[in-house]
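# From the sequence below, what's the structure:
(2 chains)
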Amino acid sequence: MEITTVTRGNGTVLSLAGRIDTVAAPMLEQAINRVMESGSRKILLDFSGVSYISSGGLRVFLAAAKKLKGPGDRFGLCCLHADVLKIFRLAGFTSIFSIYETEGEALAGW
Amino acid sequence: MPDCAGGLVYPLIRKVDTVSSNSYLVQTPDVILLIDPGGLPEQAAHLADVVRGARNEKARPLLVILTHAHVDHFLAARSDPLLADPASTILAAQDYGADAIESADRMATMAELLGQVIPPMRIDLRLLAAGGERAGIPVWRTLPCGATVTGVQRPLESGLASEQIAVGNGPGIDIFHTPGHSPDSCCIRIGGLLFIGDLFFAASPGLAGIPGWNQEALLRSLAGIGELLSSGGIAAVCAGHGPVLTKDNALRMLKAVQGDTRRLNGIADLDPDRAIETAAFAEACMEQVNELFTVMAGRLYYVSHIMDELGEDEIAAGLHALIRGDVIDELVDSFAAFGHEFHSGRCMPIHLALKGGHVMGKLERSFNQRELAQIIDPTLVLRAEHLLGDYTTMLRGFSPPRNIADADLNLLLKACLEGHAAHSGSDEDVLASVDDPAAFGRMLLARIGTPPLLADVAVTFDTDSESLTVPVDRERLLDLITYLLEDLVGTGAHAITIHTGKDGDTPVVTISGAGCTARPGGGIPRRFLSGLCERAGGTLDSCEAAGSRQFTIRFVTVL
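Numbering: from 1, shown residues only, chains lettered A, B, ... in the order given. As a prediction, this is how the structure comes out:
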């Protein structure tokens, strides 16, 4: 999977491309942790290039959400394909994460 | 080597697969015996090295005996010059198997099903040949390699036709005809070892029903070998795949295989067409398995996360034991990788079908169904069980269950919708559990883990026909409706309308969602859902336009 990290306003956007499977999930976790270690506490994951997510991937997002719950922290997901959105919704994750239709919609509120 | 003077056995035990069998080299002072050279050139080369080493100590003929003529057991026989050398090697096979190998019969040798190329090969010694020899009368043959082989067929032993052969002054080798897995299958006794080929795999899913498979013959063969094992004299049993077994373990396994075989009445022939059909079903099931297991694991992580937030660390940690998310992900990935190999033409449909069986068997053991169903939506767990069970049924040679009976569609759908709108446990149950910490804990977990699917969706049900009785498989139809509702809710529907009625004489159910995120390609239903709908008694279509998606189920016309 490919991860592109870009700073937008006062947040960091990680654009993900590929499958979030057993190989990609730890890679993604490291990338999110690196962004947090660099001091960014507002992270948006752009899912427009993601067609598949495994349970290991879901675990990575829960771990990130747990670390980003301080005052002023933001953690959101945007541009989810229908089948990926379905997994998040049915697993109950939509009550933990903020999910946005577009990147602009997410960043406008940050 | 038990009960074989001066005998040494060299077992080559492989990881179990369909490519090559185990091989067993038996070194005796007068002859070297090789039971099943396997299916791989590298295996043949390795065996040839061992034979060369033994011959450096003392030159002796090599007798290669096949337990049966399937490519994974014999194809390596001619891939190394030493094993193929007619001047020093004798290749022996049961009469029927000898015909199959000499004529390069692709069906009988399984070459067709396993996608192997086989050249015709010469068999030097036919075992248990019908006619020509009479029971009890020894026959001597001098073979091109100069060795003399004595053979004597015997009256039925434990109900099995048998022959004892010996090369020169070598040990007696008992060949027992044990058809069932294939018409030529044999078990071979040398000293205290019994080599059984694939006898114990003959009832396994994906092997039962192969060309030449015969249930009655298999039961007779198992009974005969059971008697032989019980009568003593056999210390260990060497299988064609997997580890060497003690006699007691072999007897236990034999009983289990007998039970499995008896349950295989009326299975389909596992020919190339059936293999293609089963492989397609494996792929269709895995699409759904993938989603179902990810959602189940995710739901449990969610409950665990909430419990963690509530400071219930111990409960949160305990929940992870109920489903092995890492194992599930690995299994799903491994099937996806195998599917890629298959579509690249690097393996055959039977391989994919068997891989599906392997993956689904492991998935079944990777989650605690009973406890999980008390926390997360029990229909998720039940559907996972149905899915895995249906595939195993198909792989075993049967059709997935289809229990068609008349049912009132309106009542069925209303009950389904009510079930998906209700919380787990009534409010009264929650209040009643407050004084019992354990019961309250269970109630809390279930409340968090099983939010009503339709809680945040406006649902409308309407019908043109007050009573709509149609023949359906109730359980499969409920599974299907739940999958479709989940699809709409999961992709963001804020309103769902279910309509029942008739199109002419055909009963029709439409399930429409508004506000859904569009799928690229128009949201064609998965193959699995179409197949499930057929098993439920209908046909499924879908269409998608500007934020709405509609599923249409048509049932058999009721006249």
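# How about the secondary structure of the residue lying farthest from the centre of chain A?
Distance from the C-alpha centroid of chain A, by C-alpha atoms, centre = their mean, peaks at A:Pro71 (18.5 Å). What DSSP: H, G, I helix; E, B strand; the rest coil gives for A:Pro71 is coil.
# For it, give me the pLDDT.
pLDDT recorded at A:Pro71 is 91.
# for B:Gly7, same thing?
For B:Gly7, pLDDT reads 88.
# Run through the bridge partners of B:Cys186.
B:His177 (DSSP bridges).
# tell me the helices in the stretch 251-400 of chain B, going along the chain?
B:272-309, B:313-319, B:325-343, B:349-364, B:369-372, B:378-395 (DSSP state H, counting those that start in this stretch).
# Turn those helices into CSV, including distance to chain A.
(C-beta placed from N, C-alpha, C; glycine too.) Shown next, in CSV, are those (distance: least, C-beta to the nearest C-beta, whole Å):
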stretch, distance to chain A
helix B:272-309, 3
helix B:313-319, 11
helix B:325-343, 4
helix B:349-364, 12
helix B:369-372, 13
helix B:378-395, 8
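# possible to save these as a markdown table with mean neighbour count?
Shown next, in a markdown table, are the helices of the stretch 251-400 of chain B (neighbours: other C-beta atoms under 10 Å in any protein chain shown):
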| stretch | mean neighbour count |
| --- | --- |
| helix B:272-309 | 22 |
| helix B:313-319 | 14 |
| helix B:325-343 | 18 |
| helix B:349-364 | 22 |
| helix B:369-372 | 15 |
| helix B:378-395 | 20 |
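# Export those to CSV and append columns for mean pLDDT.
Formatted as CSV, those follow (pLDDT from 0 to 100):
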stretch, mean pLDDT
helix B:272-309, 93
helix B:313-319, 89
helix B:325-343, 94
helix B:349-364, 95
helix B:369-372, 92
helix B:378-395, 94
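# Distance to B:Gln27 for those - can I get that in TSV?
Formatted as TSV, those follow (distance: least, C-beta to C-beta, whole Å):
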stretch	distance to B:Gln27
helix B:272-309	39
helix B:313-319	55
helix B:325-343	38
helix B:349-364	34
helix B:369-372	50
helix B:378-395	40
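# Next up, the contacts around B:Asp473.
With contacts defined as C-beta atoms under 8 Å, 6 or more residues apart in numbering or on different chains, B:Asp473 is in contact with B:Pro401, B:Arg402, B:Asn403, B:Ile404, B:Ala405, B:Arg535, B:Ala536, B:Gly537.
# Can you select the buried ones among these for me in PyMOL?
Here is the PyMOL command that picks out the buried ones among the contacts of B:Asp473, judged by 16 or more other C-beta atoms under 10 Å in any protein chain shown:
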select buried, chain B and resi 535+536+537
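# how about the contacts of B:Asp473, which pair is most distant?
Maximum pairwise distance in those, criterion C-beta to C-beta, is 13.5 Å, between B:Ala405 and B:Arg535.
# Could you list the buried residues of the longest strand along chain A?
For chain A, the strand with the greatest residue count under DSSP state E is strand A:42-53. Neighbour counts over strand A:42-53 (16+ other C-beta under 10 Å) mark A:Lys42, A:Ile43, A:Leu44, A:Leu45, A:Asp46, A:Phe47, A:Gly49, A:Val50, A:Tyr52, A:Ile53 as buried.
# which other helices and strands contact that strand?
strand A:11-20, helix A:24-37, strand A:74-78, helix A:82-91, helix A:103-108 (3 or more C-beta pairs under 8 Å, 6 or more residues apart in numbering or on different chains; DSSP states H and E).
# and the ones you listed as a markdown table, adding mean pLDDT?
Listed next are the helices and strands packed on strand A:42-53 as a markdown table, based on pLDDT from 0 to 100:
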| stretch | mean pLDDT |
| --- | --- |
| strand A:11-20 | 95 |
| helix A:24-37 | 95 |
| strand A:74-78 | 95 |
| helix A:82-91 | 93 |
| helix A:103-108 | 91 |
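# and of these, who's closest to chain B?
Ranking the helices and strands packed on strand A:42-53 by proximity to chain B (C-beta to the nearest C-beta) places helix A:82-91 first, at 2.8 Å.
# Can you name the residues in contact with the closest one?
For helix A:82-91, using C-beta under 8 Å, 6+ apart, the contacting residues are A:47, A:50-53, A:58, A:77, A:80, A:94, A:97, A:99, B:291, B:294-295, B:297-299, B:301-302, B:486-487, B:489-492, B:516-519, B:523.
# Let's see that with 7 Å instead.
A:47, A:50, A:53, A:58, A:80, A:94, A:99, B:291, B:294-295, B:298-299, B:302, B:486-487, B:489-492, B:517-519 (C-beta atoms under 7 Å, 6 or more residues apart in numbering or on different chains).
# Buried residues in that helix, which are they?
A:Ala82, A:Asp83, A:Val84, A:Leu85, A:Lys86, A:Ile87, A:Phe88, A:Arg89, A:Leu90, A:Ala91.
# The next helix or strand after it close to chain B?
Downstream of helix A:82-91, the next assigned helix or strand under DSSP states H and E is strand A:98-100. No. Judged by C-beta under 7 Å from any C-beta of the partner chain, strand A:98-100 stays clear of chain B, getting no closer than 9.6 Å.
# What strands flank strand A:98-100, and is each parallel or antiparallel?
Going by DSSP bridges, the partners of strand A:98-100 are strand A:74-78 (parallel).
# Let's see the pLDDT reported for the residue nearest the centre of chain A.
Among the residues of chain A, the one closest to the centroid is A:Leu45, at 3.3 Å (C-alpha atoms, centre = their mean). A:Leu45 carries a pLDDT value of 97.
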